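K.L.:
After the sequence you'll find the predicted model.
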There are 2 protein chains.
Amino acid sequence: MTSEWSSSEKKIARRVFDAALQCELAEVLLHFKAMAANATEPGHMWSTEEYLSKARREIDSKYDYRYSQLHVVFGRLLREGRISEVELAGLSEENLQLIRRIASP
Amino acid sequence: MTSEWSSSEKKIARRVFDAALQCELAEVLLHFKAMAANATEPGHMWSTEEYLSKARREIDSKYDYRYSQLHVVFGRLLREGRISEVELAGLSEENLQLIRRIASP
């Protein structure tokens, strides 16, 4: 993980990172709203609270924008299908290889 | 708080306690559903999570069905207007006095 990020790569990384984060947040928001709309008894709201609490913890730990962590972050997002290699076009071959290695099962 | 609860008083207490708890939970459920229905961005769902977490803590600490705590519980519910003295009819004068004392500002 000693690969460097050029300034043009940092711009790409930031854009891909933000888009994936916004997309995942939007998914959680939709799911949360559906859970709440279907809630008819107190137990359902405590389930929703747990769902949100878990989602927040996962998102916080997953979206870590430190250059030392970005390969892991993008590797995981690639494996999960949340981003595609096309979006990473413009990154150095070295960075892409590191990301692919993490992405592969 | 050394007052005793007769078995008929325990039945009254249980009924009043459960009704107040269900009513408060129903209020929280309504508020939660309204917050979720109006949520349009991620920040709104984290506010809802905090609201639920706080409500759960408050309800857990407020509704403590131990006979040693019931005067405090009913005193507080009376002060908050969540129950009325009419509902407590049938409790001994001693228990009622303890509850009223706690309820008074």
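P.N.:
Okay, I see it.
K.L.:
what sits against the most far-flung residue of chain A relative to its centre?
P.N.:
The centre of chain A is farthest from one residue, residue A:41, which by CA atoms, centre = their mean lies 32.3 Å away. Residue A:41 is in contact with residue B:29, counting by CB atoms under 8 Å, 6 or more residues apart in numbering or on different chains. Backbone N, C-alpha and C define where each C-beta goes, glycine included.
K.L.:
Which residue is the nearest non-sequential neighbour of whichever residue of chain A sits closest to chain B?
P.N.:
Per CB to the nearest CB, residue A:36 is where chain A lies closest to chain B, at 3.1 Å. Among residues not flanking residue A:36 along the chain, residue B:36 sits closest, at 3.1 Å (CB to CB, 6 or more residues apart in numbering or on different chains).
K.L.:
where exactly do the helices run in chain A?
P.N.:
Assigned by DSSP state H, the helices in chain A fall at A:7-38, A:42-62, A:70-79, A:93-103.
K.L.:
Enumerate the residues of chain A near chain B.
P.N.:
A:25-26, A:28-29, A:32-33, A:35-37, A:39, A:41-42, A:44-46, A:48-49, A:52-53, A:56 (CB under 8 Å from any CB of the partner chain).
K.L.:
would TSV of the helices of chain A with mean neighbour count, distance to residue B:73 and mean pLDDT be doable?
P.N.:
Below are the helices of chain A laid out as TSV (neighbours: other CB atoms under 10 Å in any protein chain shown; distance: least, CB to CB, whole Å; pLDDT from 0 to 100):
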stretch	mean neighbour count	distance to residue B:73	mean pLDDT
helix A:7-38	15	29	97
helix A:42-62	16	18	97
helix A:70-79	21	48	97
helix A:93-103	16	54	96
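K.L.:
Which among these is found nearest to residue B:104?
P.N.:
helix A:42-62 (30.7 Å; CB to CB).
K.L.:
Who are the packing partners of that closest one?
P.N.:
Packed against helix A:42-62 by the contact rule (3 or more CB pairs under 8 Å, 6 or more residues apart in numbering or on different chains; DSSP states H and E) you find helix A:7-38, helix B:7-38, helix B:42-62.
K.L.:
chain center to that helix, what's the gap?
P.N.:
How far helix A:42-62 lies from its chain's middle: 16 Å, per CA atoms, centre = their mean, to the nearest Å.
K.L.:
Compute the inter-axis angle for it and helix A:7-38.
P.N.:
Interaxial angle of helix A:42-62 relative to helix A:7-38 (axes from the mean of the first three to the mean of the last three CA atoms, to 10 degrees): 170 degrees.
K.L.:
Show me the contact partners of helix A:42-62.
P.N.:
A:21, A:24-25, A:28, A:31-32, A:35-36, A:38-39, A:73, A:76, B:25-26, B:28-29, B:32, B:36, B:45-46, B:48-49, B:52-53, B:56.
K.L.:
give me every residue that touches the closest residue to residue A:74 other than its chain neighbours.
P.N.:
Leaving aside its sequence neighbours, residue A:74 sits nearest to residue A:99 (CB to CB, 6+ apart; 4.6 Å). For residue A:99, the contact set (CB under 8 Å, 6+ apart) comprises A:71, A:74, A:75, A:78, A:88, A:91.
K.L.:
Run a quick neighbour tally on the fifth one.
P.N.:
The one in question is residue A:88. Number of residues near residue A:88 (other CB atoms under 10 Å in any protein chain shown) recorded here: 19.
K.L.:
Sounds good, over and out.
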